[in-house]
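Trainee: Sequence and predicted structure below; questions after.
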Amino acid sequence: MNRRIFLPLILIVVLILSACGSSEADEIAKIHGAMDAYSDALLAGDLDQWLSIWDEDGVRMPGNEPRTVGLEQIRASIEPALELVEFEEFEIYPEEIHVMEDKAYTHGLYNYTMTFKDSGDSMEFSGKFLTIYQKQEDGSWKIAVDSFSGNAPPAAPPAPSVDEEIAKIQEASKEYASALVDGDLERWISVWAEDGVQMPPEAPRVIGADQIKAGTGPLLEMLDFKEFTTYDEVIHILGDHAYAHGLYNYTMSPIDSEETIKFDGKYLTIWEKQADGSWKAAVDIFNSNAPPPAPAEDEAEAMGEKEADGYWCYVPVFDRLEPVTFDPYEGDPGKEFFKVPYQSEWTGLISGESKGYGMLIGRVIDPEMPSEPFLFVDTESFTDAEIDSKVGGLHMDFFGNRDALGSDWKGTWIITGGTDELEGVSGEGTFWGPGWMPDADSEECGNMGLIYYEGVIEFGSE
């Protein structure tokens, strides 16, 4: 009786073991099929078919690249490659497949040959892989995690040639000039490094792209650059940095004026290579290339160089105050911009009446109160100025600032042109003073704004 029972029991155990062995073999066969489908899809260049082998939350971990998670990222990482190459061969050699309930892992080797579509060049690769498979509800297996890397070290990218880097810097230099001629502040500031340093003549240095932009923006509102040309005489590459020096010249006119002013000078620039391979200006210094016109020999002693000092009184023309939509601070609500007309009376070596038109920038401290002016750029024109008993038209430019509300204004001035007896006059200097306030009351200017000036003026030959 026990024997009769025992024999069927043995048969049942054998059948169970056989069934178990058959089930594992079936799962391994399905995983082999998934690997074949992986290769076939790449050979066919069928991205959708290839993605269908991946679990929805799959993780792809290729060598020498960031990992990608999920089907959307995986698609984005492989799609550009399939547009550039065709796979001629793709073989996968699993050395072990181990099934653990609804998970399985396999590792082994692979090799493939691919051809670049544009050139027809072919390349062969071999490597190793470790893949985790996830069993799906329909009984199929899909890739959950796949990591692979080549057997050979990646080829080092070819180092850009010195000529290529010099060409990039030359293009950046041309963009600098072209953007000024177009009056495009955004393009011009994009040539600068974020922590760039600008060192203009007769003015304090400016640090940081935001401050450089804030200082140059008002100038582009007031001046029209007709031409701007740079001549790079030397560009020397020093790893991720380079220096360049050369000459420049430009022609500009005040907005709404027919007056044309020409400048030429020299510059020295440090360029800094960016992560994307472009070059940006890190430090830039420039100044005039030629001295002011020298006086004629027979008049040098009589005319010569004059020390300029005095003051001027001015008042803003508030009924012509214009808010400005230009905003170099990208819409920062803490800043306000105005075009401000001025009328001034000058005393000292420079005397006469002038009319000015400036850009005033203010900080908004309290939204219920007027903003606090802290920066201005101004241009002044005299119809009949007098300097050392000589009379004629005169044009001057100013750049100034102050540290806090109530503190004195300070800055620099420069003579940029003259007519009649003042033709050929040049000069520059500094200024300071309280300026205009609603309660202004000074001995020199009464209720007008007061500014003192000093500097040097020279005359050209008649």
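Mentor: Arrived safely.
Trainee: Show me where the protein has its helices.
Mentor: Along the chain, counting by DSSP state H, helices occupy 2-44, 47-51, 71-84, 162-182, 185-189, 209-222, 297-300.
Trainee: so which of those helices comes closest to residue 264?
Mentor: Closest approach to residue 264 among the helices of the chain (CB to CB): helix 162-182, 13.2 Å. All C-beta atoms are positioned from the backbone trio N, CA, C, and that covers glycine.
Trainee: Determine the angle, from 0 to 180 degrees, between that closest one and helix 209-222.
Mentor: Between helix 162-182 and helix 209-222, the angle formed by their directions is 50 degrees, by axes from the mean of the first three to the mean of the last three CA atoms, to 10 degrees.
Trainee: Check the average confidence over helix 162-182, would you?
Mentor: Helix 162-182 shows an average pLDDT of 92 in the prediction.
Trainee: one step back: will you turn the helices of the chain into CSV that also has distance to residue 431 and mean neighbour count?
Mentor: What follows is the helices of the chain, written out as CSV (distance: least, CB to CB, whole Å; neighbours: other CB atoms under 10 Å):
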stretch, distance to residue 431, mean neighbour count
helix 2-44, 73, 13
helix 47-51, 68, 15
helix 71-84, 59, 14
helix 162-182, 26, 16
helix 185-189, 26, 17
helix 209-222, 17, 19
helix 297-300, 28, 11
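Trainee: Which among those is found nearest to residue 414?
Mentor: Within those, the stretch nearest residue 414 is helix 209-222; the backing value is 12.8 Å (CB to CB).
Trainee: tell me the mean pLDDT for that closest one?
Mentor: Averaging pLDDT along helix 209-222 gives 87.
Trainee: quick one: contacts of it?
Mentor: With contact meaning CB atoms under 8 Å, 6 or more residues apart in numbering, helix 209-222 is reached by 180, 183, 185, 188-189, 192-196, 198, 206, 254-255, 324, 326, 328-329, 337, 339, 357-359, 361, 375-377, 379, 399.
Trainee: Can you pull the poorly scored residue ranges out of the stretch 201-350 of the chain?
Mentor: Where the stretch 201-350 of the chain drops to pLDDT under 70, the residues are 290-304, 318-336, 338.
Trainee: redo that, cut-off 90
Mentor: Across the stretch 201-350 of the chain, the ranges flagged by pLDDT under 90 are 201-205, 214-232, 238-239, 248-265, 286-308, 312, 314-344.
Trainee: Any chance of a PyMOL selection covering the buried ones in the contacts of helix 209-222?
Mentor: Command for PyMOL that selects the buried part of those, burial taken from 16 or more other CB atoms under 10 Å:
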select buried, resi 180+185+188+189+192+193+196+198+206+254+324+328+337+339+357+358+359+361+375+376+377+379+399
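Trainee: ok, back up a step: could I get the helices of the chain as TSV with distance to residue 130?
Mentor: Listed next are these as TSV, based on distance: least, CB to CB, whole Å:
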stretch	distance to residue 130
helix 2-44	13
helix 47-51	19
helix 71-84	17
helix 162-182	40
helix 185-189	49
helix 209-222	47
helix 297-300	88
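Trainee: among those helices, which is nearest residue 237?
Mentor: Among these, the nearest to residue 237 by CB to CB is helix 162-182 (5.2 Å).
Trainee: Please compute how far the closest one lies from its chain's middle.
Mentor: Centre-to-centre, helix 162-182 and its host chain are 14 Å apart (CA atoms, centre = their mean, to the nearest Å).
Trainee: State the pLDDT value of residue 22.
Mentor: 47.
Trainee: How about residue 88?
Mentor: pLDDT recorded at residue 88 is 89.
Trainee: With adjacent residues omitted, what lies nearest to it?
Mentor: Of all residues not flanking residue 88 in the chain, residue 113 sits nearest, at 4.4 Å (CB to CB, 6 or more residues apart in numbering).
Trainee: thinking the one you found is in contact with residue 91, fair?
Mentor: No. Residue 113 lies out of contact with residue 91 (CB atoms under 8 Å); the separation is 9.5 Å.
Trainee: Check the burial of residue 395 by counting its neighbours.
Mentor: Counted by other CB atoms under 10 Å, the residues lying close to residue 395 total 21.
Trainee: hey, what's residue 458 bridged with?
Mentor: As for beta bridges, residue 458 partners with residue 305, residue 426 under DSSP bridges.
Trainee: whoops, I mixed them up, residue 283
Mentor: Beta-bridge partners of residue 283, as defined by DSSP bridges: residue 197, residue 270.
Trainee: Tell me who's in contact with the residue nearest to residue 88.
Mentor: Here residue 113 is in contact with 87, 88, 89, 90, 122, 123, 124, 125 (CB under 8 Å, 6+ apart).
Trainee: Is it bridged to anything, and to what?
Mentor: Under the criterion used (DSSP bridges), residue 113 bridges to residue 89, residue 124.
Trainee: again with residue 252
Mentor: In beta-bridge terms (that is, DSSP bridges), residue 252 pairs with residue 225, residue 261.
Trainee: please renumber so the chain begins at 22
Mentor: Taking 22 as the first residue, the last one we looked at is residue 273.
Trainee: so it touches residue 202, yeah?
Mentor: No. When contacts are counted by CB under 8 Å, residue 273 is not listed as touching residue 202 (9.4 Å).
Trainee: Find residues that contact each of those two.
Mentor: Taking CB under 8 Å, 6+ apart as the contact rule, residue 273 and residue 202 both touch 246, 247.
Trainee: before we move on, back to that, right, so of the helices of the chain, which gets closest to residue 121?
Mentor: Going by CB to CB, the one of those nearest residue 121 is helix 23-65, 10.2 Å.
Trainee: For residue 450, give its distance to residue 290.
Mentor: 28 Å (CB to CB, to the nearest Å).
Trainee: Which of these two has more residues huddled nearby?
Mentor: Neighbours per residue (other CB under 10 Å) separate residue 450 from residue 290, with residue 290 holding more: 22 against 18.
Trainee: What's the local residue count around residue 297?
Mentor: 5.
Trainee: what sits against residue 105?
Mentor: Each residue near residue 105 by CB under 8 Å, 6+ apart is listed here: 137, 138, 139.
Trainee: What backbone torsions are found at the last one?
Mentor: According to degrees, to the nearest 10, the main-chain angles of residue 139 amount to phi -80, psi -40.
Trainee: give me every residue that touches the residue positioned nearest the centre of the chain.
Mentor: Residue closest to the mean C-alpha point of the chain, counted by CA atoms, centre = their mean, is residue 211 at 3.7 Å. By CB under 8 Å, 6+ apart, residue 211 lies in contact with residue 196.
Trainee: how much space between it and residue 217?
Mentor: 11 Å.
Trainee: again, but for residue 448
Mentor: Distance from residue 448 to residue 217, by CB to CB: 30 Å.
Trainee: cool, and residue 442?
Mentor: Taken as CB to CB, the span from residue 442 to residue 217 is 43 Å.
Trainee: For the stretch 72-221 of the chain, give me the ranges with low pLDDT.
Mentor: 84-86, 102-103, 109, 122, 138-144, 146, 170-184, 221.
Trainee: cutoff 70 now
Mentor: Within the stretch 72-221 of the chain, the stretches with pLDDT under 70 are 175-181.
Trainee: Report how many residues lie close to the closest residue to residue 144 other than its chain neighbours.
Mentor: Excluding the flanking residues, the one nearest residue 144 by CB to CB, 6+ apart is residue 135, at 5.9 Å. Neighbours of residue 135 under the rule other CB under 10 Å: 20.
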